[in-house]
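Participant: Following is a predicted model, sequence given first.
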Amino acid sequence: MNTRKSDQPVKFWRKRIVVVGAGAALVLAVAFGLLLWLARPLLAGPRLTTLTLGGRLAHVDAGAVRAAVIPNLGSGFFTTHVDRIGDAVDALPWVAEAQVRREWPHTLHVDIVEEVPVARWGADGLMDAQGKVFVHSQDKAYASLPQISGRDDTAAADVLAQYNTLTALVATRGIGIVSLSVDARGGATVELDDGIEVRLGREDAAERLARFSAVALPALSAKLTAVAYVDMRYTNGFAVGWKTPGGHVRQGA
């Protein structure tokens with residue numbers, strides 16, 4: 001028996017069903033996509049239109065904060081990522097910490113803690129208590145801060161830690177350190193508040209400064225006003241540079 005003629009209508013209807021099904025699926029996909037597109041504003045929530053700044057802002061510019069916030073705003077309340085905004089504000093000069101929060105329905109709050117400089121770094125840097133050089137400034141208001149310098153900004157935290165160690169070491173003797181410089185080889189030199197420079201070298205800086213305060217300082221007490229520097233890099237003694245003619249002498253400990 002020949003069955004080819006009876007199979008043709010079945011195949012025809014199968015093809016039509018497949019075409020219709022594919023078309024219906026396409027229509028549903030387009031409709032779903034259109035629905036999502038139309039629903040996006042509703043899902044995003046109301047737009048954030050009000051920015052409030054909190055904290056004692058003596059140096060942080062409000063305009064700079066707004067400029068950092070605006071590019072990171074989402075399309076609405078729910079699509080705004082506060083972490084991104086916080087990172088953008090944290091990167092601004094003088095900002096130590098930024099906390100960002102949303103308040104329904106239209107407000108974004110940014111609370112800022114400003115940096116507090118504890119020392120000057122290099123030619124014009126200011127550093128905080130963690131050794132971060134957070135801004136470069138020529139402001140004379142910070143001229144009384146300790147002057148610290150080192151190889152580059154990456155060494156700032158280590159040099160500040162050394163400064164704090166040395167300062168604490170001699171503070172009980174009434175000696176103040178106004179500057180610490182560490183050269184490219186790691187050699188440390190401090191300047192005291194009476195203008196005397198003490199050369200400590202690369203190794204055992206704390207031990208040498210302690211020896212200066214216990215041995216060299218008492219030995220020179222009658223002539224301190226004439227001393228330009230004291231070199232403590234000798235094992236069993238120290239050298240003195242004088243402000244007056246006569247220059248450099250060697251003196252035993």
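Facilitator: On my side now, so go ahead. Numbers count the residues shown, from 1 in each chain.

Participant: Tell me the helix or strand right after the helix or strand hosting residue 228.
Facilitator: For residue 228, the host element (DSSP states H and E) is strand 227-231. With elements assigned by DSSP H and E, the helix or strand that comes after strand 227-231 is strand 237-242.

Participant: what comes up buried for that next one?
Facilitator: Residues of strand 237-242 classed as buried: 238, 239, 240, 241 (neighbour count, 16 or more other Cβ atoms under 10 Å). The way it works is simple: take the backbone N, C-alpha and C, and place the C-beta from them, glycine included.

Participant: do stretch 209-217 as well
Facilitator: Those would be 209, 210, 211, 212, 213, 216, 217, for stretch 209-217 by 16+ other Cβ under 10 Å.

Participant: can you check stretch 101-116 too?
Facilitator: Across stretch 101-116, burial judged by 16+ other Cβ under 10 Å covers 102, 108, 110, 112, 114, 115.

Participant: so which pair among those is furthest apart in space?
Facilitator: Between any two of these, the greatest separation by Cβ to Cβ is 25.6 Å, found for 102 and 115.

Participant: follow-up on the earlier one: so which residues make contact with the strand holding residue 228?
Facilitator: Strand 227-231 is contacted from outside by 196-199, 212, 216, 220, 238-243, using Cβ atoms under 8 Å, 6 or more residues apart in numbering.

Participant: tell me the mean pLDDT over it?
Facilitator: Strand 227-231 comes out with an average pLDDT of 95.

Participant: cool, stretch 134-154 as well?
Facilitator: For stretch 134-154, the mean per-residue pLDDT is 92.

Participant: First-to-last residue distance for that stretch?
Facilitator: 12 Å (Cα to Cα, to the nearest Å).

Participant: Centre of the chain to the strand holding residue 228, how far?
Facilitator: 36 Å (Cα atoms, centre = their mean, to the nearest Å).

Participant: Given it, what are its sheet partners and their directions?
Facilitator: Here strand 227-231 is paired, per DSSP bridges, with strand 197-201 (parallel), strand 237-242 (antiparallel).

Participant: residues of that strand that come out buried?
Facilitator: Buried residues in strand 227-231 (16+ other Cβ under 10 Å): 227, 229, 230, 231.

Participant: Same check on stretch 126-142?
Facilitator: Quick answer for stretch 126-142 (16+ other Cβ under 10 Å): 126, 127, 128, 131, 132, 133, 134, 135, 137.

Participant: Now do the fourth one, the pLDDT please.
Facilitator: Among the per-residue scores, residue 131 holds a pLDDT of 95.

Participant: Name the SS class of it, please.
Facilitator: Local secondary structure at residue 131 is given as coil here, using DSSP: H, G, I helix; E, B strand; the rest coil.

Participant: pretty sure it contacts residue 154?
Facilitator: No: counting by Cβ atoms under 8 Å, residue 131 sits too far from residue 154 to count as a contact (10.2 Å).

Participant: Can you tell me the element residue 209 falls in?
Facilitator: Using DSSP H and E, residue 209 sits in helix 205-211.

Participant: And for stretch 120-139, what's in contact with it?
Facilitator: With Cβ under 8 Å, 6+ apart, stretch 120-139 has contacts from 59, 93-94, 96, 115-119, 142-143, 145-150, 153, 156-161.

Participant: picking that back up, and the furthest pair within the contacts of strand 227-231?
Facilitator: Checking these with Cβ to Cβ, the most distant pair is 212 and 243, at 17.8 Å.

Participant: Residue 178: which of the buried residues of strand 227-231 is nearest?
Facilitator: For these, the nearest to residue 178 is residue 229 (14.2 Å; Cβ to Cβ).

Participant: Relative to residue 207, how far out is that closest one?
Facilitator: Using Cβ to Cβ, to the nearest Å, residue 229 is found at 19 Å from residue 207.
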